[in-house]
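>>> no sequence on this one, just coordinates:
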């Protein structure tokens, strides 16, 4: 059998060159800031699934799921909750290393939480097959600690830490039926103050089976003597946001739906974070599941009524907010330049841009930047294993997220194959995928378009 060789490159190029140092990058295809004091949702039309957001001083930081993609666990930065840039990834290779040398679709980093405690950043994230991990750093840019396994448990997901003002520490989380056979409950554990160990077996805080199925993704806060848990329910496609409150962290909790689709076009608005600005305004960041585009990010105004949050605008006066399309920007005390995550690359740097990710841990023979100012990236052909029947399990696919509902993808390449069956191309990946390839055959180079359904 002939050895197949494969290299796949997914590149989005616009007319605009890559951002220069200290000059904000602005996408040609999507930006939320309207330039007139308003914004239009989504604030990120890209797959930053399961967002969590905090403010530290005048800076806002967002983390999201990265699943099997590496570099993993992205960190975005904003000054106004509208204009974002990618500033770091927690790790360049995912642990355990031997597991994530191979593509693990549906595994890896699920919904993380970020908190700033005792002058350190903490991120808790679940690997649904392994347990709950914690990393920390003095600086948002890192270096981040090696992942520490706080709880070994299959199916424990969506952890959120909380350090109370009485000196106690807690961890709240959901549970995934796909791994454990159980779902629709929230669990609370006591935790050591250093955040590295759970002190008990946990208690069930909330059971959503009757009215709030698939409750998950809890975020724990405290306000005016109440403990609040904001949690999504109903599933990613058509769900809603639930608020729980209690004077006692262990409950019992009252419940109220605080965000729903209503008459809007924003399906399943839920799973996110409450954040307060420097001026005391409340805002809520959440996702909308948009099929092939991923889980895109929205920002909603949030206000309080009789110590219950209402997220969005209560258009029908039923006490439940609905998502906004266009709204005034948050008041953060200043006006900042328009900025978006980078979606173009001329490869003029010594490292890959932060928008690029692989489907598994990168190996040394995948690629090398050609060097500063050369303007290209050298990708190397490697064997396509006989066990890989299609590209669903190929690790050396260089990818980035869809940046907008409509865009043009351009890849300029020089192809220098050595033997027959070497191949390169531009691919749109997914459970179904399609690509355009250039392949060396005994009769010369062949250009072809290929699609694969239900890979």
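Okay, I see it. These numbers come from a predicted model, not from an experiment.
>>> ok, residue 126 - contacts?
The neighbours of residue 126, taking CB atoms under 8 Å, 6 or more residues apart in numbering as the test, are 109, 110, 111, 112, 132, 133, 156, 157, 158, 159, 173. Backbone N, C-alpha and C define where each C-beta goes, glycine included.
>>> and the nearest residue to the second one once chain neighbours are set aside, what helix or strand is that in?
Spelled out, that is residue 110. Nearest-residue entry for residue 110: residue 126, 4.8 Å, with adjacent residues in sequence omitted and distances by CB to CB, 6 or more residues apart in numbering. Remark: residue 126 resides in strand 120-127, with elements defined by DSSP states H and E.
>>> what lines up beside that strand in the sheet?
strand 113-117 (antiparallel), strand 131-137 (antiparallel) (DSSP bridges).
>>> can you list those strands in TSV and add mean neighbour count, mean pLDDT and distance to residue 98?
Rendered in TSV, the data for those read as follows (neighbours: other CB atoms under 10 Å; pLDDT from 0 to 100; distance: least, CB to CB, whole Å):
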stretch	mean neighbour count	mean pLDDT	distance to residue 98
strand 113-117	20	98	27
strand 131-137	20	98	16
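>>> Compute the distance between residue 152 and residue 187, please.
Shown here: residue 152 relative to residue 187, a distance of 15 Å by CB to CB, to the nearest Å.
>>> if we can go back for a sec, output the strands paired with strand 120-127 in a markdown table, with distance to residue 99 appended to each entry.
Shown next, in a markdown table, are the strands paired with strand 120-127 (distance: least, CB to CB, whole Å):
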| stretch | distance to residue 99 |
| --- | --- |
| strand 113-117 | 23 |
| strand 131-137 | 13 |
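>>> closest to residue 261 out of those strands?
strand 113-117 (24.8 Å; CB to CB).
>>> Give me the residues contacting the closest one.
52-54, 56, 61, 63, 75, 121-125, 158-163, 195, 219.
>>> switch the cut-off to 7 Å
Contacts to strand 113-117, defined as CB atoms under 7 Å, 6 or more residues apart in numbering, come from residues 52, 54, 56, 61, 63, 121-124, 159-161, 163, 219.
>>> Show me how far that strand is from its chain's centre.
Taking CA atoms, centre = their mean, to the nearest Å, the mean C-alpha location of strand 113-117 is offset from the chain mean by 16 Å.
>>> next one: stretch 185-197
When C-alpha coordinates are averaged (CA atoms, centre = their mean), stretch 185-197 and its chain have centres 23 Å apart.
>>> now do the same end-to-end measure for stretch 277-287.
With CA to CA, to the nearest Å as the measure, the first residue of stretch 277-287 is 20 Å from its last.
>>> Show me what counts as buried in that stretch.
When neighbours are counted by 16 or more other CB atoms under 10 Å, the buried residues of stretch 277-287 are found to be 277, 282, 283, 284, 285, 286, 287.
>>> Now for the third one: which residues touch it?
Read that as residue 283. Residue 283 is in contact with 81, 275, 277, 299, 300, 301, 302, 330, counting by CB under 7 Å, 6+ apart.
>>> Am I right that the last one is in contact with residue 80?
Yes: the pair formed by residue 330 and residue 80 meets the contact definition of CB atoms under 7 Å, at 6.0 Å.
>>> in the protein, which spans are helices?
Under the criterion DSSP state H, the chain carries helices at the ranges 177-180.
>>> so where is the protein shaky, pLDDT-wise?
Per-residue confidence for the chain (pLDDT under 70) gives these ranges: 1-21.
>>> Pop the domain breakdown of it in here.
Under automatic domain parsing, the residue ranges defining each domain of the chain are 1-23+343-455, 31-328.
>>> Of the ones you listed, flag the one that's most buried.
For the domains of the chain, average neighbour numbers computed from mean count of other CB atoms under 10 Å are highest in domain 31-328, which has a mean of 19.
>>> Which of the contacts of residue 283 sits closest to residue 105?
Closest approach between those and residue 105, by CB to CB: residue 299, at 29.2 Å.
>>> From residue 311, how far out is the closest one?
Distance check for residue 299 against residue 311: by CB to CB, it reads 10 Å.
>>> Residue 73 now?
26 Å.
>>> do residue 283 as well
With distances taken as CB to CB, residue 283 is found 9 Å from residue 311.
>>> do residue 154 as well
Going from residue 154 to residue 311 by CB to CB gives 32 Å.
>>> tell me the two of the contacts of strand 113-117 that are most distant?
56 and 159 (20.1 Å).
>>> Name the nearest residue to residue 182, sequence neighbours excluded.
With sequence-adjacent residues excluded and distances taken as CB to CB, 6+ apart, residue 182 is closest to residue 175, at 5.2 Å.
>>> what do you get for residue 246?
Nearest to residue 246 is residue 253, by CB to CB, 6+ apart, at 4.5 Å.
>>> in the stretch 51-200 of the chain, which spans are strands?
Using DSSP state E, counting those that start in this stretch, the strands found in the stretch 51-200 of the chain span residues 52-56, 59-63, 72-78, 84-91, 113-117, 120-127, 131-137, 148-152, 156-163, 169-175, 185-191.
>>> can you check the stretch 301-450 of the chain too?
Counting by DSSP E, counting those that start in this stretch, the strands of the stretch 301-450 of the chain are 308-311, 326-328, 367-369, 377-379, 382-384, 397-398, 423-428, 433-441, 444-452.
>>> which residues are contacting the first one?
Contact with strand 308-311 is made by 241, 243, 256, 258, 259, 284, 300, 302, 303, 321, as judged by CB under 7 Å, 6+ apart.
>>> of these, closest to residue 438?
For these, the residue nearest residue 438 by CB to CB is residue 300; the value is 45.5 Å.
>>> ok, the closest one to residue 324 distance?
When distances are taken as CB to CB, residue 300 and residue 324 turn out to be 6 Å apart.
>>> joint contacts of the two?
In contact with both residue 300 and residue 324: residue 312, using CB under 7 Å, 6+ apart.
>>> could you dump the strands of the stretch 301-450 of the chain to CSV with distance to residue 344?
Putting those into CSV (distance: least, CB to CB, whole Å) gives the following:
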stretch, distance to residue 344
strand 308-311, 34
strand 326-328, 26
strand 367-369, 16
strand 377-379, 13
strand 382-384, 26
strand 397-398, 14
strand 423-428, 15
strand 433-441, 19
strand 444-452, 24
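>>> Of all those, which one is nearest residue 214?
Nearest to residue 214 among the strands of the stretch 301-450 of the chain is strand 308-311; the distance by CB to CB comes to 18.6 Å.
>>> strands paired with the closest one, and their directions?
For strand 308-311, the pairing partners within the sheet under DSSP bridges are strand 295-305 (antiparallel).
>>> And the partner strand, how far out from the chain middle?
Averaging C-alpha positions (CA atoms, centre = their mean) puts strand 295-305 17 Å from its chain's average.
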